[in-house]
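In: Show me the folded form of this:
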Amino acid sequence: MWIYKNTPDNSHRFLLGESGKKMLACIGVNPSTAEPEKLDRTLESVKRLAAHNGYDGWLMWNVSSQRTTDPKGLAVEPDYEMHARNLAYIMQSVSDHSISHLWLAYGNNIEQHGYLKVFLQDILTILIPFELQHKMIGLTQKGHPRHPLYVSGKANLVDSS
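Out: A predicted model of the protein is given here:
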């Protein structure tokens, strides 16, 4: 069953995934064009890597909910209203889908705009009470968790310190 939450004009996406008994949430920088039944390359990788690591369901979260095919196209100024909605959907989805593992996968694009690191910290802070186990697949040269497109399709998730 698909999990999908977006704005009516489709300019923002908050959640996209497929439900399962053992769920993995993945956090990237921003959503692109993917929708249920029409996954992009990033979400095909997320789905494949989740299955390879023993998860039968996955859910994609993003630091920014604004849709763009290139993170350089994100708004220069933060949209606090959409950020608040994103936080609410993320928090609710943890409970609704019994999520216990979070795959950090935002890569170097977290550096595109200063507010992205602040938004990421907000997300990680609201998730503290849920005690999610943080996972990743390696680090970039700049020290950020690797994006799903830039890891092997058979890579293993490891605990993030």
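
In: Tell me where this structure has helices.
Out: 41-52, 80-96, 114-127 (DSSP state H).

In: Would you mind listing the buried residues in the shortest one?
Out: Read that as helix 41-52. When burial is assessed from 16 or more other CB atoms under 10 Å, helix 41-52 yields the following buried residues: Thr42, Leu43, Ser45, Val46, Lys47, Leu49, Ala50. Just so you know, the C-beta spots here come from the backbone N, C-alpha and C atoms, and that holds for glycine as well.

In: Please apply the same query to stretch 122-134.
Out: Using 16+ other CB under 10 Å as the test for burial, stretch 122-134 gives Asp122, Ile123, Leu127, Leu132, His134.

In: cool, and stretch 67-86?
Out: Going by neighbour count (16+ other CB under 10 Å), the buried part of stretch 67-86 is Arg67, Thr68, Pro71, Leu74, Pro78, Asp79, Met82, His83, Arg85, Asn86.

In: can you give me the end-to-end distance of that stretch?
Out: Here the two ends of stretch 67-86 are set 13 Å apart, with distance taken as CA to CA, to the nearest Å.

In: What are the contacting residues of that stretch?
Out: Contacts to stretch 67-86, defined as CB atoms under 8 Å, 6 or more residues apart in numbering, come from residues 10-14, 29-33, 61-62, 64-66, 109, 112-113, 115-116, 118-119, 122-123.

In: Show me which of these are buried.
Out: With neighbours counted using 16+ other CB under 10 Å, the contacts of stretch 67-86 contain these buried positions: 12-14, 29-32, 61-62, 64-66, 109, 112-113, 115-116, 119, 122-123.

In: quick one: least confident of the buried residues of stretch 67-86?
Out: Lowest pLDDT among these: Pro71, with 88.

In: Now render the helices of the chain as JSON lines, adding distance to Ala155.
Out: Output for the helices of the chain, formatted as JSON lines (distance: least, CB to CB, whole Å):
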{"stretch": "helix 41-52", "distance to Ala155": "6"}
{"stretch": "helix 80-96", "distance to Ala155": "24"}
{"stretch": "helix 114-127", "distance to Ala155": "22"}
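
In: Could you check how far Pro148 is from Leu157?
Out: When distance is defined by CB to CB, to the nearest Å, Pro148 is 11 Å away from Leu157.
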